[in-house]
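Peer 1: Here is a sequence together with a model predicted from it:
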Amino acid sequence: MLSSIQSFLRRFTARSLLPKVVPIRTLKAKHRPLVLHHLLQLNDADRFLRFGYLANDAQITRYVEKLDFTRDEVFGVFNRRLQLIAMAHLGYGATPQAAAEFGVSVLKSARGLGLGARLFARAGMHARNRNVKTMCIHALTQNSAMLKIAINAGARVVYYGTEAEAYLQLPAPAMDTRLAQRLEQRFADADYFLKKQWLRASGGR
């Protein structure tokens, strides 16, 4: 079953700018402590880029406590030790006509692997499947990595001094995007399960 899922995902992602399949899990409220631990590992510069201000530990804690895992979607990438090395928050508006806002963070040790772009693509697919018309990013102009991801995806970027807003228009959902979403989630769940079994077998080392 897992091999057939991987085969489909390779064919699906071959049509995108990001050919590598990365297991991305949809996180739930039970993962809140992992999300908090991940964000608290960001250094001052990364916190400034992620939140638009130099968020301290207390402010990050309040942000995580207010995450609505029922209304919004939170995605995560785990390494083989089941540490959350990258995550994204896709905040939905009250209606599909309202833009869905995207935010992402990647630990320094996991940079250069294209995880931010993969998370952006995954969030875009989920938003599209919910009939959302636009996905947006609010970023500082110095956050060149995030703006590059948006531009490469076809987003329109508007600059306001030291800040920028990127808007990506999403097409209507299709059968293959809905199928891909289900298969990607199954693949990520299977990957997580295998990593968990490996970690237990190795004694957590």
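Peer 2: Happy to help now that I have it.
Peer 1: Where is the longest helix in the chain?
Peer 2: helix 175-201 (DSSP state H).
Peer 1: Low-confidence ranges, the chain, go.
Peer 2: Within the chain, the stretches falling below the threshold (pLDDT under 70) are 1-20, 204-205.
Peer 1: can you do 50?
Peer 2: The chain contains residues with pLDDT under 50 at 1-2, 5-6, 8-19.
Peer 1: show me where it has helices.
Peer 2: Under DSSP H, the chain gives helices at 2-13, 32-40, 44-51, 57-65, 115-129, 144-152, 175-201.
Peer 1: Relative to Thr162, which of the ones you listed is closest?
Peer 2: Among the helices of the chain, the nearest to Thr162 by Cβ to Cβ is helix 44-51 (11.4 Å). For glycine as for every other residue, the C-beta is placed from the backbone atoms N, C-alpha and C.
Peer 1: So what's the gap between the closest one and the chain middle?
Peer 2: Distance of helix 44-51 from its chain centroid, counting by Cα atoms, centre = their mean, to the nearest Å, is 16 Å.
Peer 1: Mind listing what's buried along it?
Peer 2: For helix 44-51, a neighbour-count test (16 or more other Cβ atoms under 10 Å) marks 46-51 as buried.
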